[in-house]
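Visitor: Sequence and predicted structure, then a few things I'm wondering about:
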Amino acid sequence: MYSFNLNEQFSKTAAQFADAAAEIHRLALSNAEKALGLHMAALEENLSATFAFAGELVDVRDPEALKTVWPKGLQVARTNAERSLGAVQEAFAHTLKTYEAVGTLAKRQFEQVGEQVKAEAEKTAKAGAKAAK
């Protein structure tokens, strides 16, 4: 008789895939949390700078004062755009690292299952050859 137990092998493989899926979900959630934190920090700083400028803008009473405040408003807008772009770039870089980790995890999982299936097949083939003699 063959010593190959299909249910046991399937259960073992399914458990390994479930563990890998849980790890992938953990990585994805961690990435989303990091990206959201980066964007929220940039938004907070942008709003703070914008409201500070708006406070100065409210005090402007004549066109000459507006001419002096206007360049500061452009600088605030530029800084806000740079800060937002920096947050997007950092979140993207972290997302790429997360995808690399997921790819490595998936590759390792498939290799491990392939090795287990190969070992079981060899074991079964040897048992079959032994039984045929």
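Guide: Received it, and whenever you're ready, just let me know what you need.
Visitor: Grab the most central residue of this protein for me.
Guide: Central residue of the chain (Cα atoms, centre = their mean): Asn31, 3.4 Å from the mean position.
Visitor: Just say helix, strand or coil for Arg61.
Guide: Of the three states, Arg61 takes coil under DSSP: H, G, I helix; E, B strand; the rest coil.
Visitor: who's in contact with it?
Guide: If a contact means Cβ atoms under 8 Å, 6 or more residues apart in numbering, then Arg61 has no contacts. Heads up, the C-betas are built off the backbone N, CA and C, glycines and all.
Visitor: Now do the strands in this structure.
Guide: Secondary structure of the chain (DSSP state E): no strands present.
Visitor: The residue nearest to the centre of the chain contacts Ala101, doesn't it?
Guide: No - counting by Cβ atoms under 8 Å, Asn31 does not reach Ala101; the two are 9.2 Å apart.
Visitor: since we're on Ala93, how many residues are nearby?
Guide: 10 (other Cβ atoms under 10 Å).
Visitor: Then Lys12?
Guide: Residues near Lys12, counting by other Cβ under 10 Å, number 14.
Visitor: repeat for Phe17
Guide: Under the neighbour criterion other Cβ under 10 Å, Phe17 is assigned a count of 14.
Visitor: Do you know the pLDDT at it?
Guide: Phe17 is assigned 85 on the pLDDT scale.
Visitor: That one touches Ala106, doesn't it?
Guide: No - when contacts are counted by Cβ under 8 Å, Phe17 is not listed as touching Ala106 (9.9 Å).
Visitor: Distance of the residue nearest to the centre of the chain relative to Lys72?
Guide: Computed as Cβ to Cβ, to the nearest Å, the Asn31 to Lys72 distance reads 37 Å.
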